[in-house]
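Student: Okay, structure incoming, though there's no sequence with it:
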Ligand code: ADP
Ligand code: MG
C-alpha cells in the first residue's frame, strides 16, 4: 500500500489552472522532495495533501484511505512551515506537548512523548524556555519536534529551512536526514533549493508550472534528465 497517492489532482484559482492534473505515489518510509521554481505550485500541492486547500478535482489517498473529505486534523499528518508559529506564552515543553494534551492524552504519556522528541532534537536543555528566548534554528527544531510528537503517518515540510542562515540550514538538513532514518517515517519535503533536494531525497519530483516534469532518484535526474528544464534546474548551482 502506498503511504500517499494522488490521482489526477487538479487545482484552479478562478480561471487560473495552477495544477493541471498530478499523479504520484509515495512509498512508506520514503523521503520524497518536491522541487521547482517559486510559483510552480509546490505549496498548493502540499496544502491539498494536508487538507488546507480543497482540490478542484482528483483524489488524495493516505495509507490507502481516501482523505478528500477529512479535515486536516483527521488526516494523520503533521506539517512544518517555514514560519514556525510557536505559542509565545508556552514553554518549549508546552509547545511540544500541546497537540497531545488537547487530544486528551494522559499527562504521563504527553511527558514521555515530549521527552522523546526533545532528545531526538537535542532540545532537552531548552524545555523550560519560551520561544522569545530561542534562536531561529532552535525555534525551527521545536516546530519539527511538535510534528514528531504527534507521530503522524506522513510528515509534510514546506520550505522549513528557508528562514535560516546558510550554516544553520546545513546543520538542520543533516538533522532532518538523521530523523528520517530514526523514525522510518514517510516525508514529503518542498523546497526550491536544488542542494536540499539532491542531499535529502530518496526521490525527487520536479515541478514545472504545476506539471510533474520528472520523478526519479537524485542520480537518475542528474544523469538522465528528461528534458532541458530538469537539466537546467537540477544542474544549475543554487
Ligand atoms: P510555490 O509554493 O511553488 O512557490 P504556490 O503553490 O504557492 O507556488 O503557488 C502556485 C501559483 O498559484 C502561483 O502563481 C500563486 O500565485 C497561485 N496561488 C497560490 N495560492 C493562491 C490563492 N489562494 N489564490 C490565487 N492564486 C494562488
Ligand atoms: Mg511555496
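Tutor: Sure, I can see it. If you're wondering where the values come from, they're calculated on a predicted model, not measured in any experiment. Ligands and ions are numbered 1, 2, ... in the order given.

Student: alpha carbons only for contacts and neighbour counts from here, please
Tutor: Fine.

Student: Could you report the neighbour count for residue 162?
Tutor: When counting by other CA atoms under 10 Å, one arrives at 15 neighbours for residue 162.

Student: An error on my part: the question was meant for residue 73.
Tutor: Neighbours of residue 73 (other CA under 10 Å): 10.

Student: after the longest helix along the chain comes which helix or strand?
Tutor: The single longest helix within the chain, with elements called by DSSP state H, is helix 166-183. Reading on from helix 166-183 to the C-terminus, the next helix or strand found by DSSP states H and E is strand 186-191.

Student: List the neighbouring strands of that following strand plus their orientation.
Tutor: The sheet places strand 186-191 alongside strand 31-35 (parallel), strand 154-158 (parallel), with pairing taken from DSSP bridges.

Student: quick one, what contacts the residue nearest the centre of the chain?
Tutor: By CA atoms, centre = their mean, the chain has its centre lying nearest to residue 157, at 1.8 Å. Going by CA atoms under 8 Å, 6 or more residues apart in numbering, residue 157 touches 79, 80, 81, 187, 188, 189, 190.

Student: which of those residues lies closest to ligand 1?
Tutor: Nearest to ligand 1 among these, counting by CA to the nearest ligand atom, is residue 190 at 7.9 Å.

Student: who in this structure is up against ligand 1?
Tutor: Contact residues, the chain versus ligand 1 (CA under 6 Å from any ligand atom): 13, 18, 38, 39, 40, 41, 42, 43, 44.

Student: Dump the strands paired with strand 186-191 to TSV, plus mean pLDDT.
Tutor: Formatted as TSV, the strands paired with strand 186-191 follow (pLDDT from 0 to 100):
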stretch	mean pLDDT
strand 31-35	97
strand 154-158	95
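
Student: most neighbours per residue, which of those?
Tutor: For the strands paired with strand 186-191, the largest average neighbour count (mean count of other CA atoms under 10 Å) is found in strand 31-35, namely a mean of 26.

Student: which element follows that one toward the C-terminus?
Tutor: In the C-terminal direction, the helix or strand that comes right after strand 31-35 (DSSP H and E) is helix 42-50.

Student: quick revisit: residues in a beta bridge with the residue nearest to the centre of the chain, which ones?
Tutor: Residues in a beta bridge with residue 157, per DSSP bridges, are residue 80, residue 189.

Student: that older thread, greatest separation within the residues of the chain next to ligand 1: which pair is it?
Tutor: Put simply, by CA to CA the two of the residues of the chain next to ligand 1 set farthest apart are 13 and 38, 16.9 Å from each other.

Student: does residue 7 really touch residue 23, like I thought?
Tutor: Yes: taking contacts as CA atoms under 8 Å, residue 7 lies within contact range of residue 23: 4.7 Å.

Student: circling back to that earlier point, residue 13 and residue 38 - which one has more neighbours?
Tutor: residue 38 (12 against 9).

Student: excluding its backbone neighbours, what's nearest that one?
Tutor: Spatial nearest neighbour of residue 38, chain neighbours left out: residue 192 (6.6 Å); criterion: CA to CA, 6 or more residues apart in numbering.
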